[in-house]
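[1] one predicted model, sequence on top.
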Amino acid sequence: MTVSPAELTAMARARELGAGVLGSTSPNPPVGAVVLAVDGTPVGEGATAPPGGPHAEVRALTQAGDRARGGTVVVTLEPCAHTGRTGPCADALIAAGIARVVVAVPEPTELAGGGAQRLRDAGVDVVSGVEQAEAEDGALAAWLTGARAQRPHVVWKVAGTLDGRVAAADGSSRWITGPAARAAVHRLRATCDAVVVGSGTALADDPQLTVRDTGGPDADRRPLRVVLDRRGRLPRTARVLDDAAPTLVSAAASPRDLLAELFGRGVRRVLLEGGPTLAAAFLRDGLVDEAVLHLAPKLLGAGASLIGDLGITSIGDALTLSVVDVTRLGGDVQIRMRPNRHTGGAGGSADGRS
Ligand code: ZN
């Protein structure tokens, strides 16, 4: 497969465009697209609009206008061939006279598949699988989890001290981390469709779970606030029940049931914010796809641990994670990780993908 330097630059830009709309497109994928004119100059770009709006390719074509004719479209996901709320992108590309399409990730669903074939049938040169791993690990990760496992992608976020405590012995837990880490949490929420806590956290901390102070274009995002409250303990005065964002109080019997309920509502990316008991239940069931740890350089020596009982009694059975990246946030440290999928041993569910 031959791909030009201009096309690789455009693919990196397309990934950025997709990342910019993460949290606003579900249940549709956050796709980015760039149009290159015949001479390789970028003449249009676009990202998926909120549901019901145009897909990335159509927005990029609209911006490019006549300059798209004979040119190339570089896109993070195979153009769709089905007529949903918008027309098929494959047809729009053909109508615009596009000569070549460079794709990162082949379409994984039957429903929207066939785009590449339709383009080839119309004489368009299609290259697929270009920097596919980078695109799959980026903005498309959550949507791909949904397409393959039929459940939302779960990001577990937790803030703790060096000794893994989320609260002091007296129960106090506010401001373990500093303002930079707290701002990062708001930016993280803005990329998610739903924010989930257990009733214990809702009772102990009374969080509002909204997106605030991101200082960016995502400050108006209102992810669904979800409280798992099987025993009806949440008081009517809880801040999570205010009108700042929609709220779901769920009595689902298990994390898997809760995720099924959320998936049915179009949720594709979930931020799991606590507490330790609920997080342990998700981890035991193999339902955590990413972990974001905000580590404060503080020691408490006693108090609640950041994760509840995982049913692990031997070091050989430890649940292991792989570090994706480490970032300083003011005086704190953010570590992004992915749990290593394994079978057998404690917490040893299969990888959850069918
Ligand atoms: Zn499309």
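    Great, that's in hand.

[2] so what's residue 164 up against?
    Contact analysis of residue 164 by CB atoms under 8 Å, 6 or more residues apart in numbering lists 305-307. For glycine as for every other residue, the C-beta is placed from the backbone atoms N, C-alpha and C.

[3] output those residues as TSV; include the columns distance to the ion, pLDDT and secondary structure.
    Formatted as TSV, the contacts of residue 164 follow (distance: CB to the ion, whole Å; pLDDT from 0 to 100; DSSP: H, G, I helix; E, B strand; the rest coil):
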residue	distance to the ion	pLDDT	secondary structure
305	46	94	strand
306	41	94	coil
307	40	96	coil
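
[4] redo these as TSV? Include neighbour count and distance to residue 182.
    What follows is the contacts of residue 164, written out as TSV (neighbours: other CB atoms under 10 Å; distance: CB to CB, whole Å):
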residue	neighbour count	distance to residue 182
305	14	21
306	21	17
307	19	21
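
[5] need those residues in TSV (columns: distance to residue 199).
    Shown next, in TSV, are the contacts of residue 164 (distance: CB to CB, whole Å):
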residue	distance to residue 199
305	19
306	18
307	18
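
[6] and stretch 209-223, which residues are buried?
    209-211, 214, 218, 221, 223 (16 or more other CB atoms under 10 Å).

[7] following the helix of greatest length in the chain, which helix or strand shows up next?
    The residue-count maximum for a helix in the chain (DSSP state H) belongs to helix 5-20. Using DSSP states H and E, the helix or strand that directly follows helix 5-20 along the chain is strand 32-36.

[8] that following strand pairs with which strands, parallel or anti?
    strand 42-47 (antiparallel), strand 72-77 (antiparallel) (DSSP bridges).

[9] what's the longest helix of the chain packed up against?
    strand 32-36, strand 42-47, helix 56-64, strand 72-77, strand 100-105, helix 132-137 (3 or more CB pairs under 8 Å, 6 or more residues apart in numbering; DSSP states H and E).

[10] nearest to residue 17, out of these?
    strand 32-36 (3.0 Å; CB to CB).

[11] could you tell me the angle between that closest one and helix 56-64?
    40 degrees (axes from the mean of the first three to the mean of the last three CA atoms, to 10 degrees).

[12] pLDDT on strand 32-36, on average?
    If you average the pLDDT over strand 32-36, you get 98.

[13] what's the answer for stretch 334-342, then?
    According to the model, stretch 334-342 has a mean pLDDT of 90.

[14] go on, stretch 220-240?
    Across stretch 220-240, the per-residue pLDDT values average to 94.

[15] helices or strands next to the lowest-mean-pLDDT helix or strand in the chain in the packing?
    In the chain, no helix or strand scores lower on mean pLDDT, DSSP states H and E than helix 199-205, which sits at a mean of 90. Applying 3+ CB pairs under 8 Å, 6+ apart, we find helix 199-205 packed against strand 224-228, strand 269-274, helix 276-284.

[16] neighbouring contacts of that helix?
    By CB under 8 Å, 6+ apart, the list of residues contacting helix 199-205 reads 167, 171, 173-174, 207, 227-231, 233-235, 238, 240, 273-275, 277-278.

[17] now the buried members of those residues.
    The buried subset of those (16+ other CB under 10 Å) comprises 167, 173, 207, 227-229, 234, 238, 240, 273-275, 278.

[18] of those, closest to the ion?
    Set against the ion, the nearest of these by CB to the ion is residue 273 (32.6 Å).

[19] residue numbers of this protein in contact with the ion?
    55, 80, 89 (CB under 5 Å from the ion).

[20] neighbours around the second one, how many?
    Going back to what we said before, that points to residue 80. 27 (other CB atoms under 10 Å).

[21] now it: closest residue in space that isn't a chain neighbour?
    Spatial nearest neighbour of residue 80, excluding adjacent residues (CB to CB, 6 or more residues apart in numbering): residue 112 at 4.2 Å.

[22] the first one now?
    Counting by CB to CB, 6+ apart, residue 55 lies nearest to residue 89, which is 5.2 Å off, once chain neighbours are set aside.

[23] who's in contact with that neighbour?
    Taking CB under 8 Å, 6+ apart, one finds 55, 57-58, 79-81, 115 in contact with residue 89.

[24] rerun that using 7 Å as the cut-off
    55, 57-58, 79-80, 115 (CB atoms under 7 Å, 6 or more residues apart in numbering).

[25] quick check: the gap between residue 117 and the ion.
    To the ion, residue 117 is 15 Å away according to CB to the ion, to the nearest Å.

[26] assign that residue to helix, strand or coil.
    In three-state terms, and counting by DSSP: H, G, I helix; E, B strand; the rest coil, residue 117 is helix.

[27] can you count the residues close to the nearest residue to it once chain neighbours are set aside?
    Once flanking residues are discounted, residue 117 sits nearest to residue 81: 7.7 Å by CB to CB, 6+ apart. Look at residue 81: counted by other CB under 10 Å, it has 19 neighbours.

[28] swap in residue 172?
    Neighbours of residue 172 (other CB under 10 Å): 12.

[29] what's the spacing between the closest residue to the ion within the stretch 151-300 of the chain and residue 193?
    Across the stretch 151-300 of the chain, no residue is closer to the ion than residue 268, which sits at 16.3 Å (CB to the ion). Distance of residue 268 to residue 193, computed by CB to CB, to the nearest Å: 6 Å.
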